[in-house]
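Asks: Just a sequence and a predicted model for now, questions to come.
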Amino acid sequence: MNFFKSLSRRENARTVGHRTRSARVGVEAMESKLLLSTAAAPTYSLYRTGQLYEQTAGRSVPLASNVKAAAVTSTDAVIYLEQNGTLIEQPTSGAAQVLDRLVSSFQLGSANRVNVVDWFNSNLSSAGICNLARADFTRDDALTFSDMLGIFDGVLQSGALTSAELQSLETLVAHATTLNMPGYVQNLAAKVVNPSTNDATYLEQYYGTTGVTLQETVNQWFLGTVKPNTVDACDGSAAEDPNNAYTNVGATGYTLFGPNGPSFTDVAQGSAGDCWLLSSLAETAARDPQIIRNMFIGNGNGTWTVRFYVNGAPDYVTVNDQLPVDTAAGAYAFDQPQNGILWAALAEKAFAEENLSGGVTTGQQGVDSYAALNGGYPSWALAAITGMSTSEFNVTPGVTSQEIAAALQAGDLVCIGTPDSSDIDSYLVPGHCYAVVGYNPSSTMPFEVFNPWGINNSRADGVWGLLIANGAFLEANFDTGGVAGSAAPGSGPVNAMLSPNSPDRGAVANTNELMAITVDTNSIPSTHESLKIVTKSSTPIATLASLTIHGRRGASLPGGPLFHKSLVADLGPESHHAKLIPVT
C-alpha cells in the first residue's frame with residue numbers, strides 16, 4: 001500500500017556548504033599527471049595511477065591513493081575524490097575530514113563552495129530527505145536506526161507527506177545495501193514505507209481512522225507505541241479486556257536481562273494460554289542463551305527491536321517497555337517479569353506483534369493480539385525463535401526418553417507436553433507444555449524439566465515449577481513434544497527419581513523408589529511437617545508412606561507453603577537433606 005503515487009526520479013546537483021577563509025580559488029581539470037597549485041605553498045600532484053602527493057619545501061609526501069579528481073581551495077587545502085566516491089578535504093594542518101560519500105563528481109565554486117553530483121541528488125527527488133540522508137551517511141558511512149528515525153521525523157515535521165518524499169523514502173529502502181543500512185533497519189523501514197494490508201487494517205482499528213499515515217507506521221515499527229490487543233486469551237469474551245491496561249514499566253528500575261544474562265527462571269506465564277511459546281523461550285534461554293541475547297537490539301530510545309525468523313529468514317518488530325496489567329488483580333496480565341527482568345515479557349509481546357504479518361505460526365495468524373497465542377505447538381515457537389528446523393513428536397514408551405537424551409546431547413532444544421487428561425502425576429499440569437532445560441547423563445535422574453508457570457507463580461499451588469525425572473516418568477506423563485535442531489526424539493528407559501524443585505535435589509537423589517516430595521501444610525505442629533512420599537511403578541501411583549520431617553536444629557516451621565526451608569526427612573537408615581521450593 002502506497003501513501004501517494006510516487007514521482008519519477010529526477011537528477012540535479014545540490015550544494016554542500018563548506019567553510020572558507022578566502023574568496024579566491026583555482027579549479028583545474030585533471031586528466032593525467034597534473035600539478036595543482038595556488039598562489040601559496042604547498043602544491044599538489046595527482047598522477048594517472050591515482051596517487052596524490054603534497055609538495056612542500058622540496059619534499060613530496062603521499063596524501064592518498066585511488067584518487068580520481070582533486071582541487072585546491074584558496075586556503076591551500078586540497079579536496080579530493082576517491083574512486084569509491086568519498087570526497088575528502090585535507091587542510092594544510094590538522095586531520096582530514098569526509099565531506100561527502102557516494103560522489104560521482106564535484107566542482108569547486110565561488111567562496112570555496114563544493115558543488116557535488118552524488119548518489120543522493122541523483123536518486124532522491126526530495127531536497128530535504130536528500131540533505132538529511134547525505135549528512136547521516138557522510139557521518140556514519142551508514143544509515144542507522146537513529147538516522148532513519150531522524151529522516152522520518154524530518155518528513156513529519158515538514159507537513160503532509162508529498163509524492164517526492166515518498167519516492168525518496170522508497171528509494172532509500174530499495175538501495176539499503178548501497179547505503180550500508182543494517183538488515184533490521186532495512187526490514188523495519190520497508191514496513192514503514194510499504195505497510196501491508198494486515199498493518200493497514202490493524203492501524204485503522206487501533207487509531208479509529210480511515211487510511212494510514214506515515215506517523216502511524218513509524219509509531220508501529222520504530223517507536224513500538226502500536227501495541228497488541230490485550231484480550232485475555234483464556235477468558236476473552238470481549239475484543240478488549242477491560243481489566244487490562246498498558247503501563248510504563250521501564251521507568252521503575254526494570255532491566256532487559258539479569259546480571260548473568262537470560263535465564264529460564266525469568267519466565268512466568270500469565271493468563272494467556274501460550275505455554276508452547278513461553279516454554280520454548282525458557283528452553284532457548286537455558287540451552288542456548290546467546291540466541292535470546294541476539295534477539296534483542298536496544299535502540300537507545302526506550303525501545304527494543306526483536307528478531308524472529310520467518311521461513312528461516314530474520315524478521316523484526318519493535319516494542320517499547322509497556323506491558324499489560326490486570327488492574328482488577330493488580331498483577332501483570334501476561335508473562336510476569338521476575339526480579340524486574342523484562343526479556344520474556346517483551347518477547348511474548350513482540351511475538352503477538354510479529355503474528356500480525358502472518359509470518360509466524362499461531363492458531364490465529366494475521367492478528368496483533370495476545371489472544372492469538374492461546375494454544376499452539378512448541379515447534380512453531382522454536383522455529384520462530386531460533387531459525388532452526390523443527391518438528392513435533394509423539395512419545396513412545398521405551399524409546400522417547402533415549403531419543404530426547406540423544407537430542408539434548410547433540411545440542412538440540414526440546415519441549416514436551418502433557419496430555420489433556422487427569423491420568424498424569426498430580427503435580428503436573430494437564431494439557432501443558434514444559435521445557436527440558438537440563439540433562440545430566442551421569443545422574444539416575446538426568447532430565448531437568450521446567451514449568452513455564454514459573455518457579456514462584458502463586459496460581460500454581462502444589463504444582464512443580466522445576467523438577468528432575470527419569471525417562472520412565474517422562475514417558476508415563478508426557479505424550480508429545482517439539483524439538484529444534486535435528487530429528488524428533490522418541491523415548492528410552494532410565495531408572496531415576498523425581499525430586500522437588502530444589503537446588504539441593506542431588507542430596508535427596510539416592511533412592512530409586514522416590515518419585516516426589518510434597519509438603520502438607522495443613523495442621524502443622526510448630527516443629528513438624530508431614531511429607532507424602534510418592535512412588536511410581538510402570539502404571540499406578542502409590543502412596544508409600546507419610547513420614548515426619550523436622551526443621552533443621554529444631555527450628556519452628558510456619559504454617560503455609562515453605563520457601564527455602566532446609567529440612568531433614570527420615571527416609572530410612574540415613575537422613576537426606578533438601579531445600580523445598582514449592583510452587584505456590
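Replies: Arrived safely, thanks for sending. From a predicted model like this one, the values you see are computed outputs, not experimental measurements.

Asks: In the stretch 351-500 of the chain, what residue spans correspond to strands?
Replies: For the stretch 351-500 of the chain, applying DSSP state E, counting those that start in this stretch gives strands covering 390-394, 413-417, 433-439, 447-450, 466-469, 480-484.

Asks: Next: the stretch 51-200 of the chain.
Replies: Per DSSP E, counting those that start in this stretch, the stretch 51-200 of the chain carries strands over the ranges 52-56, 59-64, 67-72, 78-82, 87-90, 97-100, 103-108, 114-118.

Asks: And the last one, what's buried?
Replies: Pointing back at strand 114-118 there. For strand 114-118, the neighbour count (16 or more other CB atoms under 10 Å) marks 114, 116-118 as buried. All C-beta spots, glycine's among them, are computed from the backbone N, C-alpha and C.

Asks: same question, the second one
Replies: Residues 63-64 are the ones in strand 59-64 that count as buried (16+ other CB under 10 Å).

Asks: just the angle between that strand and strand 52-56, please?
Replies: Counting by axes from the mean of the first three to the mean of the last three CA atoms, to 10 degrees, strand 59-64 lies at 150 degrees to strand 52-56.

Asks: what pLDDT, on average, does strand 59-64 get?
Replies: Mean pLDDT, computed over strand 59-64, is 84.

Asks: and what of the last one?
Replies: Mean pLDDT, taken over the full extent of strand 114-118, equals 86.

Asks: so what secondary structure elements neighbour that strand?
Replies: For strand 114-118, the elements it packs on are strand 15-16, strand 87-90, strand 97-100, strand 103-108, judged by 3 or more CB pairs under 8 Å, 6 or more residues apart in numbering; DSSP states H and E.

Asks: With mean neighbour count, mean pLDDT and distance to Thr56 added, can I get the strands of the stretch 351-500 of the chain in a markdown table?
Replies: Listed next are the strands of the stretch 351-500 of the chain as a markdown table, based on neighbours: other CB atoms under 10 Å; pLDDT from 0 to 100; distance: least, CB to CB, whole Å:
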| stretch | mean neighbour count | mean pLDDT | distance to Thr56 |
| --- | --- | --- | --- |
| strand 390-394 | 18 | 92 | 67 |
| strand 413-417 | 27 | 96 | 65 |
| strand 433-439 | 25 | 97 | 69 |
| strand 447-450 | 25 | 96 | 72 |
| strand 466-469 | 26 | 93 | 74 |
| strand 480-484 | 26 | 92 | 65 |
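
Asks: Show me the one of those that comes nearest Asp288.
Replies: Asp288 lies closest to strand 413-417 among the strands of the stretch 351-500 of the chain, at 7.0 Å (CB to CB).

Asks: contact partners of the closest one?
Replies: When contacts are defined by CB atoms under 8 Å, 6 or more residues apart in numbering, strand 413-417 is touched by residues 276, 279-280, 283-284, 287-288, 378, 382, 386, 388, 395, 404, 407-408, 431-436, 449, 474, 478-485, 489.

Asks: need the strands of the stretch 351-500 of the chain in a markdown table with distance to Asn84, can you?
Replies: Formatted as a markdown table, the strands of the stretch 351-500 of the chain follow (distance: least, CB to CB, whole Å):
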| stretch | distance to Asn84 |
| --- | --- |
| strand 390-394 | 43 |
| strand 413-417 | 44 |
| strand 433-439 | 49 |
| strand 447-450 | 52 |
| strand 466-469 | 56 |
| strand 480-484 | 42 |
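
Asks: which one of the buried residues of strand 114-118 is nearest Ala345?
Replies: Using CB to CB, Asp118 comes nearest to Ala345 of these, at 45.0 Å.

Asks: picking up where we left off before, may I see the strands of the stretch 51-200 of the chain arranged in CSV, with distance to Asn219 as well?
Replies: As requested, the strands of the stretch 51-200 of the chain are exported to CSV (distance: least, CB to CB, whole Å):
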stretch, distance to Asn219
strand 52-56, 48
strand 59-64, 45
strand 67-72, 44
strand 78-82, 40
strand 87-90, 36
strand 97-100, 32
strand 103-108, 35
strand 114-118, 32
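
Asks: tell me the most buried of those?
Replies: Among these, ranked by average contacts under mean count of other CB atoms under 10 Å, first place goes to strand 78-82 (a mean of 23).

Asks: Just the residues contacting it, thanks.
Replies: With CB under 8 Å, 6+ apart as the test, strand 78-82 has contacts from 36, 44, 46, 52, 54, 63-64, 66-73, 87-90, 99, 103, 105-106, 108, 114.

Asks: Which of the strands of the stretch 51-200 of the chain sits closest to Tyr427?
Replies: In terms of CB to CB, the element of the strands of the stretch 51-200 of the chain nearest to Tyr427 is strand 97-100, at 65.3 Å.

Asks: For that closest one, name the packing helices and strands.
Replies: The contact analysis (3+ CB pairs under 8 Å, 6+ apart) places strand 97-100 against strand 87-90, strand 114-118, helix 127-140.

Asks: Lowest mean pLDDT across those, which one is that?
Replies: Across the helices and strands packed on strand 97-100, strand 114-118 gives the lowest mean pLDDT, at a mean of 86.

Asks: That strand: how far from the chain's middle?
Replies: What separates the centre of strand 114-118 from the centre of its chain is 41 Å, taken as CA atoms, centre = their mean, to the nearest Å.

Asks: That strand to strand 67-72, inter-axis angle?
Replies: Angle of strand 114-118 versus strand 67-72, following the same axes, to 10 degrees, is 160 degrees.

Asks: Strand 114-118 - which strands sit beside it in the sheet, and in what orientation?
Replies: strand 15-16 (antiparallel), strand 103-108 (antiparallel) (DSSP bridges).

Asks: For the ones you listed, give me a markdown table that also has mean pLDDT.
Replies: Converted to a markdown table, these look like this (pLDDT from 0 to 100):
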| stretch | mean pLDDT |
| --- | --- |
| strand 15-16 | 34 |
| strand 103-108 | 87 |
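
Asks: Dump those strands into a markdown table; add distance to Asn301 as well.
Replies: Formatted as a markdown table, those follow (distance: least, CB to CB, whole Å):
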| stretch | distance to Asn301 |
| --- | --- |
| strand 15-16 | 29 |
| strand 103-108 | 31 |
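
Asks: quick one: which of the ones you listed is nearest Gln157?
Replies: In terms of CB to CB, the element of those nearest to Gln157 is strand 15-16, at 22.0 Å.

Asks: returning to that earlier point: pipe the helices and strands packed on strand 114-118 into CSV and attach distance to Gln205 per row.
Replies: Formatted as CSV, the helices and strands packed on strand 114-118 follow (distance: least, CB to CB, whole Å):
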stretch, distance to Gln205
strand 15-16, 45
strand 87-90, 48
strand 97-100, 44
strand 103-108, 46
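
Asks: Which of those sits closest to Leu342?
Replies: strand 97-100 (38.6 Å).

Asks: The closest one pairs with which strands, and in what direction?
Replies: Its sheet considered, strand 97-100 pairs with strand 87-90 (antiparallel) by DSSP bridges.

Asks: residues contacting Thr138?
Replies: Shown in contact with Thr138 (CB under 8 Å, 6+ apart): 98-101.

Asks: Where does the prediction get shaky in this structure?
Replies: Counting by pLDDT under 70, the chain has low-confidence residues at 1-41, 231-243, 248-252, 457-461, 486-584.

Asks: ok, Trp343 touching Pro262?
Replies: Yes - with contacts counted by CB atoms under 8 Å, Trp343 reaches Pro262, the gap being 5.6 Å.

Asks: shared neighbours of the two, anything?
Replies: Ile292.

Asks: quick one: the nearest residue to Val317 once chain neighbours are set aside and Phe447, what's the gap?
Replies: Excluding the flanking residues, the one nearest Val317 by CB to CB, 6 or more residues apart in numbering is Glu353, at 4.5 Å. For Glu353, the distance to Phe447 equals 34 Å [CB to CB, to the nearest Å].

Asks: Could you do Val437 as well?
Replies: Distance, Val437 to Phe447, by CB to CB: 9 Å.
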